[in-house]
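**Student:** quick check, what structure comes out for this input:
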Amino acid sequence: MIRAIIFDFDSTIYIGDIGDSDKRNDKTVVRKSFGEGVYERLNKKYYIDKKDIKDIIDVCKKEGMDYKKLATCFENELFIHQIKDKIEILPNEFFEELSEKYDLYIVSMSPIHYLEYYFSLYDINQKCFKRFLNLNLIKHTSKGDVFKFLIKNEKYKPNEILMIGDNYSHDIEPALKLNMNALHFRGDFNQIYDYMTKNNICDCTKYKKNRKFIYANQ
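**Tutor:** Predicted structure coming up:
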């Protein structure tokens with residue numbers, strides 16, 4: 001029986017083109033930390049263009065570089081995105097209904113001040129969530145460490161938790177290794193709604209037509 005639901009934040013609670021990739025791109029953080037040409041060298045060897053910041057930090061650690069400097073730079077950056085078109089967001093009514101029956105959490109690799117900024121920008125009701133936690137990019141080996149923390153401190157059994165995320169290696173795989181329930185979200189909120197309706201977690205039929213959008217230059 002599900003008691004708690006964990007959401008990833010980026011590309012899970014919202015979907016769509018958030019634009020300005022130059023401001024958001026991890027390439028900028030690597031350049032600020034190590035100078036020009038380093039990102040390109042690492043990408044040629046490790047294909048980091050296709051990876052997340054945690055993977056890049058692990059690559060820097062493997063190369064004997066000052067990975068803590070990169071982690072600190074990433075966490076100090078507030079990546080303010082300019083939305084090029086529009087993004088779709090899971091509606092507050094959905095979270096409010098879920099929170100009446102389940103403990104809701106957000107576990108993200110992004111720093112807390114980043115999450116708080118976007119909660120405000122996207123008008124997400126933070127009160128629906130019991131807690132939101134970020135992966136310590138240096139201390140934690142994976143999100144699995146954060147999941148273990150929740151299991152221990154909130155006294156859940158692993159099979160009482162559902163993890164919803166878009167990244168298989170960072171969100172889903174660590175959850176499955178701990179025997180948690182997991183939904184690999186692929187960018188269509190109907191996937192979440194159908195999963196929850198089918199499993200009697202929440203009747204989401206009403207939300208399929210209740211779209212919430214944020215537009216550019218709002």
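**Student:** what secondary structure does the residue lying closest to Pro158 once chain neighbours are set aside sit in?
**Tutor:** Once flanking residues are discounted, Pro158 sits nearest to Asn179: 4.3 Å by C-beta to C-beta, 6 or more residues apart in numbering. (C-beta placed from N, C-alpha, C; glycine too.) Under DSSP: H, G, I helix; E, B strand; the rest coil, Asn179 falls in the coil class.
**Student:** pretty sure Asn179 is touching Glu160, no?
**Tutor:** No. Using C-beta atoms under 8 Å, Asn179 makes no contact with Glu160, being 10.3 Å away.
**Student:** who's more crowded, these two?
**Tutor:** The residue with more neighbours, out of Asn179 and Glu160, is Glu160; 17 against 10, by other C-beta atoms under 10 Å.
**Student:** low pLDDT regions in the protein?
**Tutor:** 19-24, 78-80, 216-218 (pLDDT under 70).
**Student:** show me where it has strands.
**Tutor:** 4-7, 14-16, 86-89, 103-108, 131-134, 161-165, 181-184, 212-215 (DSSP state E).
**Student:** what's the closest of those strands to Ile151?
**Tutor:** strand 161-165 (7.2 Å; C-beta to C-beta).
**Student:** now the angle from that closest one to strand 103-108?
**Tutor:** 40 degrees (axes from the mean of the first three to the mean of the last three C-alpha atoms, to 10 degrees).
**Student:** strand partners (parallel or antiparallel) of strand 161-165?
**Tutor:** strand 4-7 (parallel), strand 181-184 (parallel) (DSSP bridges).
**Student:** among these, which is the most enclosed?
**Tutor:** strand 4-7 (a mean of 23; mean count of other C-beta atoms under 10 Å).
**Student:** roughly how far is that one from the heart of the chain?
**Tutor:** 12 Å (C-alpha atoms, centre = their mean, to the nearest Å).
**Student:** again, but for stretch 170-177
**Tutor:** Using C-alpha atoms, centre = their mean, the offset of stretch 170-177 from its chain centre is 13 Å.
**Student:** separation between the nearest residue to Leu70 once chain neighbours are set aside and Lys44?
**Tutor:** In this structure, Leu70 finds its nearest non-sequential neighbour in Ser33, 4.6 Å apart by C-beta to C-beta, 6+ apart. Relative to Lys44, Ser33 is positioned 18 Å away (C-beta to C-beta, to the nearest Å).
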